[in-house]
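In: Predicted model and sequence below, questions to follow.
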Amino acid sequence: MQTFKISTEVCFGGDALEALGRIRAENAVIFTDGFMAKSGGADRVAAYMKQCKTIHVFSKTQPDPPVEMVAEALRFLLDVQVDAVVALGGGSAIDAAKATVLIARQQTGREIPLIAVPTTSGTGSEVTSFAVITDREKGVKYPLVSDSLLPEVAILSAELVKSVPPAITADTGFDVITHALEAYISTGANDYSDALAEKSLELAFAYLPRAYRDGGDMEAREKMHTASCLAGMAFNAVSLGVNHGIAHTIGANFHIPHGRANAMVLGEVMAFNAGIEDGHVSLATEKLANIARRIGLDVFSAKGGAAALVRKIRQMQRELGIPASLTACGVTEEAYQKALPHMIESAKNDACTATNPRPVTDEDIKRILSRVK
Ligand SMILES: NC(=O)c1ccc[n+]([C@@H]2O[C@H](COP(=O)([O-])OP(=O)(O)OC[C@H]3O[C@@H](n4cnc5c(N)ncnc54)[C@H](O)[C@@H]3O)[C@@H](O)[C@H]2O)c1
Ligand SMILES: [Fe+2]
């Protein structure tokens, strides 16, 4: 038996932030990053939280939240005797809030509802039972997985994404595409997750270039916010693949933003999964060709269609200014060689790699990495 569950309530549309008015708390915490605190995002959200007596702001979350930051945030939540948390920010702020609230619930025995308000269209973290925490010393990103990490409510307000600059729009948008593609061809994929992934990909391929070119294009911003959430629902149900396994280790070793790391290897990984170079044609090849068809590319065979999709991904990478190589991101040959054995091991053992449609060897990971060196 398989099951499919979406437990987070998703509020969307022009007045979605009104849902914050439902939160009743003595001590609510807005959990965010420095940018959102300084740019007025936290104040804007606080203004909707009319039934909260005191609103505290924790604004020290950092990209790729490190273990030490979670410990600091936990002390903050316990000190103010938190009874509700609003996570406001990109995947980093939301993941940090998810992990911290989980521990605070365990330590206090209180329920502490978590409401996620994403300000990037990328991770889908607002609807997933994942939180990625980084051990900087060991150079490892740990995807924590538990249904207890699921936010009770996700509030999608595209207005909050308007200020995302083009480079971050591109990085996070490629995270969406990677989530949807990996979920679509995951070994766990089913008709329910496929429906979510297909819609997500149709939206992302159509609207990401528009959101990148004009951040004020609200139709594009809204569609990308939806695409991100749909992809989150899809991969939450059926997990991801080796693309994320490799991106996690690239991010942890070289501090390259998560979406960019995904984007850099996406063409290589999908070409590998589709068996484009070695003729390993499989269900993944057919499914990737199906996506090519759905986004309007000419498809005459499974392999040809998958190859057209890979070309489209590479073309979009160039158009959206994604660096083509680790070298272009400032990684030296010495640093690459030093990290390589650990990266291969880490990508192979990453929880996401387990559901990759094609079994992956050390040599495969090494080759994929060498092509983006
Ligand atoms: N939990 C999950 O399911 C899941 C899935 C994929 C990735 N992740 C993790 O999420 C993290 C990445 O999240 P992300 O890609 O959303 O980036 P992020 O949260 O790290 O944010 C990137 C940058 O964008 C800025 N930013 C955020 N919103 C903005 C806005 N509205 N205007 C201007 N700037 C803004 C932030 O301040 C930050 O500097 C990584 O740690 C990744 O591993 C989690
Ligand atoms: Fe991701």
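Out: Nice, thanks for sending it over. Numbers count the residues shown, from 1 in each chain. Ligands and ions are numbered 1, 2, ... in the order given.
In: Give me the distance between the residue lying closest to H258 once chain neighbours are set aside and ligand 1.
Out: Counting by Cβ to Cβ, 6 or more residues apart in numbering, H258 lies nearest to G251, which is 5.3 Å off, once chain neighbours are set aside. For glycine as for every other residue, the C-beta is placed from the backbone atoms N, C-alpha and C. The gap separating G251 from ligand 1 is 6 Å, by Cβ to the nearest ligand atom, to the nearest Å.
In: can you pull the contacts of G251?
Out: With contact taken as Cβ atoms under 8 Å, 6 or more residues apart in numbering, G251 is in contact with D64, T134, K141, P257, H258, A261.
In: same thing but at 6 Å, please
Out: The neighbourhood of G251, defined by Cβ atoms under 6 Å, 6 or more residues apart in numbering, consists of K141, H258, A261.
In: What's the local residue count around the last one?
Out: So the one you mean is A261. 30 (other Cβ atoms under 10 Å).
In: wait, doesn't it sit right on A252?
Out: No: the pair A261 / A252 is not scored as a contact, 9.4 Å apart, by Cβ atoms under 6 Å.
In: ok, back up a step: turn the contacts of G251 into CSV, columns for secondary structure.
Out: Listed next are the contacts of G251 as CSV, based on DSSP: H, G, I helix; E, B strand; the rest coil:
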residue, secondary structure
K141, strand
H258, helix
A261, helix
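In: Nearest to ligand 1 among those?
Out: For these, the minimum distance to ligand 1 (Cβ to the nearest ligand atom) is 3.7 Å, reached by H258.
In: So which bits of the protein are right by ligand 1?
Out: Listed as neighbours of ligand 1 in the chain under the rule Cβ under 6 Å from any ligand atom: 33, 35, 63-64, 89-93, 95, 119-120, 122-125, 128, 130-132, 141, 160-161, 163-164, 168, 172, 175, 258-259.
In: Check those for burial and list the buried ones.
Out: 33, 63-64, 89-93, 95, 119-120, 122-125, 128, 130-132, 141, 160-161, 164, 168, 172, 175, 258-259 (16 or more other Cβ atoms under 10 Å).
In: Sort out for me which of those residues are in strands.
Out: D33, G89, F130, A131, V132, K141 (DSSP state E).
In: Look up how far A307 lies from the second one.
Out: It refers to G89. The spacing between G89 and A307, counted by Cβ to Cβ, to the nearest Å, is 38 Å.
In: pLDDT-wise, which helix or strand of the chain ranks last?
Out: strand 140-145 (a mean of 85; mean pLDDT, DSSP states H and E).
In: Tell me the one of the ones in strands among the buried ones among the residues of the chain next to ligand 1 nearest V269?
Out: Comparing those against V269 with Cβ to Cβ places K141 closest, at 17.2 Å.
In: Please give me every residue in contact with the closest one.
Out: Counting by Cβ under 6 Å, 6+ apart, K141 makes contact with V132, T134, H248, G251, A252.
In: the helices in this structure, which residues?
Out: For the chain, the helices defined by DSSP state H occupy 34-38, 41-46, 67-79, 91-108, 166-185, 191-213, 218-238, 242-254, 258-274, 283-294, 302-319, 333-349, 362-371.
In: The second one - what's its average pLDDT?
Out: Per-region confidence: helix 41-46 scores 97 on mean pLDDT.
In: Now it: buried residues?
Out: Along helix 41-46, these residues count as buried under the neighbour rule (16+ other Cβ under 10 Å): G41, A42, V45, A46.
In: Report the two members of those separated by the largest distance.
Out: G41 and A46 (9.7 Å).
In: before we move on, the earlier item: a markdown table for the contacts of K141, including pLDDT?
Out: Formatted as a markdown table, the contacts of K141 follow (pLDDT from 0 to 100):
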| residue | pLDDT |
| --- | --- |
| V132 | 90 |
| T134 | 90 |
| H248 | 93 |
| G251 | 93 |
| A252 | 90 |
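In: returning to that earlier point: distance-wise, check the residue nearest to H258 relative to N262.
Out: Applying Cβ to Cβ to G251 and N262 gives a distance of 9 Å.
In: ditto for G304
Out: For G304 relative to N262 (Cβ to Cβ), the value is 25 Å.
In: Okay then, goodbye and thanks.
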